[in-house]
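**Student:** Model the structure of this input:
(chains A, B, C and D)
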There are 2 protein chains.
Amino acid sequence: MSNSLKKQVIQEAAATLFRDRGYAATSMRDLAKAVHLQASSLYNHISSKQEILANICFQNAHRFLEGLDKIEAENIDPLSKTEALIQLHLIIATEDVTSITSFNDEWRHLEEPHLSKFIALRKKYENRFKLIIQQGIKEGVFKDINSTIILNTLLSSIRWVYDWYKPDGKQSIEQVGDVVCELLLGGLKK
Amino acid sequence: MSNSLKKQVIQEAAATLFRDRGYAATSMRDLAKAVHLQASSLYNHISSKQEILANICFQNAHRFLEGLDKIEAENIDPLSKTEALIQLHLIIATEDVTSITSFNDEWRHLEEPHLSKFIALRKKYENRFKLIIQQGIKEGVFKDINSTIILNTLLSSIRWVYDWYKPDGKQSIEQVGDVVCELLLGGLKK
DNA sequence: CCTACCGATCGGTAGG
DNA sequence: CCTACCGATCGGTAGG
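**Tutor:** Numbering: from 1, shown residues only, chains lettered A, B, ... in the order given. Sure thing, here's the model as predicted:
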């Protein structure tokens, strides 16, 4: 197995462990066992436990920001953009459930300077999302509700899917997405 | 200070630390420092780190179940019950933000037999909540949407308030609650 | 990739 | 409530 491929395997095993037990409760010996190595051998592929977490967090942060870039560039109204963003969250979630869950829950274990950088990226994402919502309010498609509350409720309401969704379930993620959109946007639309 | 009062102080300090750093990343020495004791002295008041977590989790679980008891007993329609449940979550959240946050995020660090007991309590709560939603669908007040998706979206969408709400904010929790109700129930109502 | 090992820290106990 | 201390485990390094 190539070195970079092995690194990938370690990263994925770490994401699973971080999701299941949390970052702090996962030891490098747990991780080593998961990939059939001695703990010390991990350090031929990664430089520290912290680096693994940082990779998980920033990889996912960039996936969200890239998705947002595309949606912003599209020539569609704020309602369609909001719908597209909800679907983006669900698509990213299903592409790599374990990674996204540990990204959601474990970023707070980032150390500086990673932590500040991560929070800044998230803030940027949220502000751009909020701008789309505010545009929707301005254009009269959305109710005139505090846009921070709308944003937080939208972002938060999608999160259960990460914990809950299993690819072998009876419902496709698109179906779940449509229902979630109907539920959330139904109350938001004027 | 009485013994039971000191125990209360320790529990609250622990809830704050668990919320800020997580259960696994909080050491008994951290906790001891927060209450101006030596680590060993904590054990005059509590029996283990695990016991503290179990107390936090079960205290909050019972607050939710008691609230649900009352709401179920009221002679009101499913829509009003759902509204009352959303407000219940927000009220409990604001009464004791730190405790509820570590209850939400740290229960998975419970060990057996606590863990199974806790999951069973939560399942019971969710099933009874779901029954109210299903009643609303049957009576034609709610759209005929998969009740599990509705339940999860409702429960999940409220969670950001725990992380976000500060009592010194500009908005009262009732205002936030009204907005969240409008947003969520607006899409749910037929 | 391994064996051997480091200093630091963990939850908790003994004994007063 | 403290000092002193236990065995276990932590992330990580040295050296091959």
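**Student:** ok, A:P78 touching A:Q135?
**Tutor:** Yes - using C-beta atoms under 8 Å, A:P78 is in contact with A:Q135, at 4.5 Å. Glycine gets a C-beta too; all of them are placed from N, C-alpha and C.
**Student:** Chain neighbours aside, what residue packs nearest to A:I133?
**Tutor:** Leaving aside its chain neighbours, A:I133 sits nearest to A:S147 (4.8 Å; criterion: C-beta to C-beta, 6 or more residues apart in numbering or on different chains).
**Student:** surely the one you found meets A:Q134?
**Tutor:** Yes - the pair formed by A:S147 and A:Q134 meets the contact definition of C-beta under 8 Å, at 5.0 Å.
**Student:** what about those two, which has more around it?
**Tutor:** Shown here are A:S147 and A:Q134; by other C-beta atoms under 10 Å in any protein chain shown, A:S147 has more neighbours (18 against 15).
**Student:** mind showing which ranges of chain A have poor pLDDT?
**Tutor:** A:167-170 (pLDDT under 70).
**Student:** Those residues of it touching chain B, which are they?
**Tutor:** Proximity of chain A to chain B is assessed by C-beta under 8 Å from any C-beta of the partner chain, with A:21-25, A:105, A:108-109, A:143, A:145-146, A:149-150, A:152-161, A:164, A:171, A:176, A:179-180, A:182-188 identified as the residues in range.
**Student:** and the host helix or strand of A:T98, does that touch DNA strand D?
**Tutor:** Per DSSP states H and E, A:T98 falls inside helix A:97-106. No - Helix A:97-106 lies out of reach of DNA strand D by C-beta under 7 Å from any atom of the strand, never closer than 12.8 Å.
**Student:** distance between that helix and the chain's centre?
**Tutor:** Taking the mean C-alpha point of helix A:97-106 and that of its whole chain, the gap between them comes to 7 Å (C-alpha atoms, centre = their mean, to the nearest Å).
**Student:** quick one: that helix to helix B:97-106, angle?
**Tutor:** The directions of helix A:97-106 and helix B:97-106 differ by 160 degrees, with axes from the mean of the first three to the mean of the last three C-alpha atoms, to 10 degrees as the criterion.
**Student:** Please give me every residue in contact with the residue nearest the centre of chain A.
**Tutor:** Taking C-alpha atoms, centre = their mean as the criterion, A:I100 is the residue nearest the geometric centre of chain A, at 4.5 Å. In this structure, A:I100 makes contact with A:60, A:92-93, A:162, judged by C-beta atoms under 8 Å, 6 or more residues apart in numbering or on different chains.
**Student:** Leaving out sequence neighbours, find the closest residue to it.
**Tutor:** Counting by C-beta to C-beta, 6+ apart, A:A93 is the residue found nearest to A:I100 once chain neighbours are left out, at 5.1 Å.
**Student:** cool, and A:M1?
**Tutor:** Closest residue to A:M1 in three dimensions, ignoring its sequence neighbours and counting by C-beta to C-beta, 6+ apart: A:V9, at 7.5 Å.
**Student:** Could you check how far the one you found is from DNA strand D?
**Tutor:** Here the distance between A:V9 and DNA strand D works out to 17 Å (C-beta to the nearest atom of the strand, to the nearest Å).
**Student:** wait, that residue sits on A:V35?
**Tutor:** Yes - A:V9 sits in contact with A:V35 when judged by C-beta under 8 Å, with a separation of 5.8 Å.
**Student:** ok so A:E111 is a helix residue?
**Tutor:** No - when classified by DSSP: H, G, I helix; E, B strand; the rest coil, A:E111 is found to be coil rather than part of a helix.
**Student:** residues in contact with it?
**Tutor:** For A:E111, the residues meeting the contact criterion (C-beta under 8 Å, 6+ apart) are A:Q50.
**Student:** Give me the distance between it and DNA strand C.
**Tutor:** 14 Å.
**Student:** Distance-wise, check that residue relative to A:Q50.
**Tutor:** Here A:E111 is placed at a distance of 6 Å from A:Q50 (C-beta to C-beta, to the nearest Å).
**Student:** Can you give me the domain boundaries for chain A?
**Tutor:** Following automatic domain parsing, one finds the domains of chain A at A:1-47, A:49-186.
**Student:** In JSON lines, list those domains along with distance to B:I56.
**Tutor:** Formatted as JSON lines, the entries for these read as follows, by distance: least, C-beta to C-beta, whole Å:
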{"stretch": "domain A:1-47", "distance to B:I56": "16"}
{"stretch": "domain A:49-186", "distance to B:I56": "18"}
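**Student:** mind checking which helix or strand A:N127 is in?
**Tutor:** Assigning secondary structure by DSSP H and E places A:N127 in helix A:114-138.
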